[in-house]
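> I would like the atomic coordinates for the input below:
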Amino acid sequence: MDQLKLAALDQEDLQVISAHLQDAVMTVADIRYLPKEQKAVFVVNRFVWDKEADKRTKEHERRRSALAIGRVLSMKAQGISQNARGTVLELLAVTFEAGEEPSGTIQLAFAGGASLALTVECIEAQLADLGAAWSTPNLPQHDLG
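Numbers count the residues shown, from 1 in each chain. Alright, predicted model coming up:
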């Protein structure tokens, strides 16, 4: 079917990727930081927000996807234990805070206050679906109160 493939080279592009990743879930084991390659890779189960629920079954879709971020100089975690590899993280947003142009920090914010901060030379990210979608009856809910 329609597999998503996106690239981000600036902050505006990264906002599009962030929108597609809102409410994606991953485990700590799905996070890979490859310092020699200056790359971080995240394998996620992405909620497909841009497709309406099936009218008959009321089911939504999720897809296995990979987010790869290049030009990574360092990665720091807050509120995430590397030893708890089965811990499920729900991604809320991917943002960029500029430093000395074009460098800065790409921040992955998770529900519950956990986060990852990637110091990057510049924005260089790709998001790609890895396979077919599957249905889910669960619609992500947010406590706004």
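
> Now stretch 128-142: buried residues?
D129, A133 (16 or more other C-beta atoms under 10 Å). Glycine gets a C-beta too; all of them are placed from N, C-alpha and C.

> Surely A24 and S65 touch.
Yes: counting by C-beta atoms under 8 Å, S65 is a contact partner of A24 at 7.2 Å.

> any common contacting residues for the two?
V44, N45, R46 (C-beta atoms under 8 Å, 6 or more residues apart in numbering).

> want to try CSV for those, with neighbour count, distance to A98 and secondary structure as columns?
Shown next, in CSV, are the shared contacts of A24 and S65 (neighbours: other C-beta atoms under 10 Å; distance: C-beta to C-beta, whole Å; DSSP: H, G, I helix; E, B strand; the rest coil):
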residue, neighbour count, distance to A98, secondary structure
V44, 24, 25, strand
N45, 17, 30, strand
R46, 25, 26, strand
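
> ok now do L6, which residues does it touch?
D13, V16, I17, H20, Q126, L127, A128.

> That one bridge partners, please.
L127 (DSSP bridges).

> Nearest residue to the residue most central in space within the chain in space, please, no chain neighbours.
Against the mean C-alpha coordinate of the chain, by C-alpha atoms, centre = their mean, the closest residue is L21 at 4.9 Å. Ranked by C-beta to C-beta, 6 or more residues apart in numbering and with sequence neighbours excluded, the top spatial neighbour of L21 is L91, at 5.4 Å.

> re the thing from before, I'd like to know which of the contacts of L6 are buried.
I17, H20, L127.

> Run a quick neighbour tally on the closest residue to G112 other than its chain neighbours.
Computed as C-beta to C-beta, 6+ apart, the closest residue to G112 that is not its neighbour in sequence is G79, at 7.0 Å. Number of residues near G79 (other C-beta atoms under 10 Å) recorded here: 11.
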